[in-house]
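Peer 1: sequence-free structure coming up:
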């Protein structure tokens, strides 16, 4: 009976640790905008299956944490460093990969609690015939 109780305590502690890890990664999830002329205009950081992913028009990659606020961009042998203000709030993202260095700002209000990015819906403008 003691072994079973120990097993349940260990299982609960493991689940809580995994949940805390996902919650700490959630703080990075957002859309980051980069200045005009950068190789990409925006990068999305998402949480997928408990792991951070970086997505852009140039491709996707897993992110692996190396130090506080710094991650390895696995597929591109680069680094992603999250920038904070004096209040410790994440305000930007610096990317160094394949000889490119770029810094972008975090956009607020674009992420969803499950780690997915909410993209704005764009409706086509209806064409009005001019020959009527």
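Peer 2: That came through, no problem. Given the structure is predicted, the values throughout are model-derived calculations rather than measurements.

Peer 1: so what's residue 35 up against?
Peer 2: 102, 104 (C-beta atoms under 8 Å, 6 or more residues apart in numbering). C-betas here are computed from N, CA, C, even on glycine.

Peer 1: What strand or helix carries it?
Peer 2: Counting by DSSP states H and E, there is no helix or strand that carries residue 35.

Peer 1: From residue 77, how far out is it?
Peer 2: 24 Å (C-beta to C-beta, to the nearest Å).

Peer 1: go on, residue 92?
Peer 2: Taking C-beta to C-beta, one finds residue 92 at 22 Å from residue 77.

Peer 1: Tell me which of these two has more neighbours.
Peer 2: residue 92 (16 against 10; other C-beta atoms under 10 Å).

Peer 1: The more buried one reaches residue 82, doesn't it?
Peer 2: Yes - because the distance of 7.4 Å satisfies C-beta atoms under 8 Å, residue 92 is recorded as touching residue 82.

Peer 1: Give me the buried positions along stretch 36-48.
Peer 2: Neighbour counts over stretch 36-48 (16 or more other C-beta atoms under 10 Å) mark 40, 42-47 as buried.

Peer 1: Can you give me the first-to-last residue distance of that stretch?
Peer 2: Distance between the two ends of stretch 36-48: 29 Å, counting by C-alpha to C-alpha, to the nearest Å.

Peer 1: before we move on, what about stretch 79-95?
Peer 2: Stretch 79-95 has its terminal residues 6 Å apart, counting by C-alpha to C-alpha.

Peer 1: Contacts made by that stretch with the rest, please.
Peer 2: Counting by C-beta under 8 Å, 6+ apart, stretch 79-95 makes contact with 27-28, 30, 32, 43, 45, 54, 63, 66, 69-73, 78, 96-97, 101-106, all of which sit outside it.

Peer 1: Recalculate using a threshold of 6 Å.
Peer 2: By C-beta atoms under 6 Å, 6 or more residues apart in numbering, the residues outside stretch 79-95 that reach it are 28, 32, 63, 69-71, 73, 96, 102-106.

Peer 1: Write the PyMOL selection for whichever of those residues are buried.
Peer 2: Those of the contacts of stretch 79-95 that count as buried under 16+ other C-beta under 10 Å are selected in PyMOL with:
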select buried, resi 28+32+63+69+71+73+102+104+106
